[in-house]
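Colleague: generate coordinates for the sequence data below:
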Amino acid sequence: MMADGIRQTITALRTVVDLYIEGKVIPTEVLVLPEAKGNKTLLGLDFLNAAGIVLDVQGGKWHFSENPRKQYIFFKKTLKDLNI
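Modeller: Numbers count the residues shown, from 1 in each chain. Alright, predicted model coming up:
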């Protein structure tokens with residue numbers, strides 16, 4: 001249902017893409033809405049689980065579950081800085 005309360009049928013495509021994060025490849029299922037324009041991708045808990053990513057939000061760090069000693073720092077960039 002749309003935000004205005006109107007039901008609408010849309011076409012959605014499904015595929016698997018390989019995401020590369022710190023040398024690790026994570027096959028990730030994504031949904032593609034061909035009619036949508038200018039959308040961004042949001043990765044959720046299913047992705048974090050599949051990748052084995054553990055977040056330490058308070059500490060501003062994250063790591064892969066199989067190697068908690070190797071930690072990565074969150075970084076702050078705007079979408080403009082990332083050229084998305």
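
Colleague: alpha carbons only for contacts and neighbour counts from here, please
Modeller: OK.

Colleague: checking my notes, Leu55 in a helix, right?
Modeller: No - under the criterion used here (DSSP: H, G, I helix; E, B strand; the rest coil), Leu55 is strand, not part of a helix.

Colleague: now the helices for the protein?
Modeller: 45-51 (DSSP state H).

Colleague: low-confidence stretches in it?
Modeller: 1-2, 77-84 (pLDDT under 70).

Colleague: for it, which residue is closest to the average position?
Modeller: Leu43 (2.2 Å; Cα atoms, centre = their mean).

Colleague: could you measure from that one over to Ile53?
Modeller: 12 Å (Cα to Cα, to the nearest Å).

Colleague: so what's the residue count around the residue lying closest to Ser65 once chain neighbours are set aside?
Modeller: Closest residue to Ser65 apart from its sequence neighbours, by Cα to Cα, 6 or more residues apart in numbering: Gly52 at 5.2 Å. Gly52: 15 surrounding residues under other Cα atoms under 10 Å.

Colleague: surely Gly52 and Phe64 touch.
Modeller: Yes - under the criterion of Cα atoms under 8 Å, Gly52 makes contact with Phe64 at 5.3 Å.
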